[in-house]
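Asker: model this:
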Amino acid sequence: MDLLHNMRAFVCVAETGSFTAAAQRMDLTTAYVSRTVAKLEAHLRTRLLHRTTRRIALTEAGQRYLLRCQQILGYIEEAEAEAGDAHARPHGKVKVHAMTGIGQHYLIRAISQYCEIYPEVTFDLTLANRITDILDEGYDISVVIAQELPDSGFVSKRIGKTYSVLCASPDYVARHGMPKKLGELTEHRCLRLVNSVMSLDKWLFDGPDGQEMVGINHTHFQVNTADAMTEAVRAGMGIGALPVYSAVQGLKDGSLVRVLPDYSLFHLNVYALYPSRQYLDAKIRTWVEFLRDCVPGMLEEHERMMLEHRTRVPA
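Answerer: Model (predicted):
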């Protein structure tokens with residue numbers, strides 16, 4: 001059995017939605033394409049397609065197998081092009097997942113710059129605060145923040161690091177005072193940012209004396225995105241731990257002030273994840289390389305701003 005030929009037939013049927021259309025595309029008979037897919041199902045001992053007199057549909061196993069086949073056939077096409085000494089110019093769609101804050105504050109700007117260089121590449125960007133299964137959900141690349149990554153079998157590239165700082169509004173500080181020591185936080189309204197990388201009730205700080213843990217007890221508000229937390233802090237609801245990319249504009253325009261500026265917390269790495277390093281599609285390869293060159297500079301720019309605002313705290 002020619003497994004690759006059968007994979008191509010299955011992919012063609014799945015993409016066109018019918019055996020007849022697939023046969024026309026492949027210049028074969030409908031009966032031959034139907035037998036080819038049946039042989040593949042027999043080889044796998046798994047049904048890939050639901051068949052009725054009017055339509056066909058992928059089974060759950062068929063959906064997963066389709067993604068693998070498309071990836072494998074893409075690798076083969078890339079390998080054949082490279083073996084023939086052909087230069088594959090990046091083109092086509094890149095489907096990207098990113099955690100919300102990183103996506104909004106860094107990736108959209110990076111995508112804009114990348115598309116100036118490679119105008120034949122388009123992007124489908126999904127923002128969600130979780131680590132996704134790239135293959136199951138059909139993404140080409142995922143950009144996430146985490147202390148460490150679980151062993152997933154995917155290729156990971158560390159493209160930078162980020163952290164959070166404590167902020168409050170000038171109005172809150174005027175009404176409630178500015179804490180001078182970490183222990184004084186227990187006397188203030190501390191707002192909780194709740195997501196997969198933040199702790200609910202304990203904040204671990206990095207400061208002049210190393211790491212120190214503070215329990216957060218008095219809170220009347222929690223939310224699951226950094227930009228929403230920024231708005232709550234700006235509105236004077238309390239003191240919040242904001243990622244630098246969410247805090248920097250408020251610190252710059254004076255709607256936020258840093259609290260305990262000698263301390264930072266939630267130090268996290270920024271990773272790019274993708275399925276394989278072998279025979280990588282040109283658009284994926286160049287996008288990963290661009291991220292590794294572009295994002296660290298954006299992170300460093302915000303780091304410089306944080307250092308500038310360490311001294312701009314009201315008494």
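Asker: need the strands for the stretch 201-315 of the chain, in chain order.
Answerer: 202-207, 210-215, 222-223, 239-243, 257-259, 264-274 (DSSP state E, counting those that start in this stretch).
Asker: okay if I get the ones you listed as CSV plus mean neighbour count and distance to residue 18?
Answerer: Bear in mind the C-beta positions are built from the backbone N, C-alpha and C, glycine included. What follows is the strands of the stretch 201-315 of the chain, written out as CSV (neighbours: other C-beta atoms under 10 Å; distance: least, C-beta to C-beta, whole Å):
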stretch, mean neighbour count, distance to residue 18
strand 202-207, 15, 57
strand 210-215, 12, 61
strand 222-223, 16, 48
strand 239-243, 27, 49
strand 257-259, 23, 62
strand 264-274, 20, 32
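Asker: could you redo the ones you listed as JSON lines and give each row distance to residue 174 and mean pLDDT?
Answerer: Converted to JSON lines, the strands of the stretch 201-315 of the chain look like this (distance: least, C-beta to C-beta, whole Å; pLDDT from 0 to 100):
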{"stretch": "strand 202-207", "distance to residue 174": "24", "mean pLDDT": "88"}
{"stretch": "strand 210-215", "distance to residue 174": "23", "mean pLDDT": "89"}
{"stretch": "strand 222-223", "distance to residue 174": "24", "mean pLDDT": "88"}
{"stretch": "strand 239-243", "distance to residue 174": "14", "mean pLDDT": "93"}
{"stretch": "strand 257-259", "distance to residue 174": "10", "mean pLDDT": "94"}
{"stretch": "strand 264-274", "distance to residue 174": "24", "mean pLDDT": "91"}
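Asker: take these and lay them out in a markdown table including distance to residue 232.
Answerer: Putting the strands of the stretch 201-315 of the chain into a markdown table (distance: least, C-beta to C-beta, whole Å) gives the following:
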| stretch | distance to residue 232 |
| --- | --- |
| strand 202-207 | 16 |
| strand 210-215 | 19 |
| strand 222-223 | 6 |
| strand 239-243 | 7 |
| strand 257-259 | 14 |
| strand 264-274 | 17 |
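Asker: so which of the ones you listed comes closest to residue 116?
Answerer: Closest to residue 116 of the strands of the stretch 201-315 of the chain, according to C-beta to C-beta: strand 264-274, at 19.9 Å.
Asker: which one of the strands of the stretch 201-315 of the chain lies closest to residue 80?
Answerer: strand 264-274 (20.9 Å).
Asker: residue 77: which of the strands of the stretch 201-315 of the chain is closest?
Answerer: strand 264-274 (17.4 Å).
Asker: does anything pack onto that closest one? Which helices or strands?
Answerer: strand 141-146, strand 155-168, strand 202-207, strand 239-243, helix 282-308 (3 or more C-beta pairs under 8 Å, 6 or more residues apart in numbering; DSSP states H and E).
Asker: perfect, that will be all.
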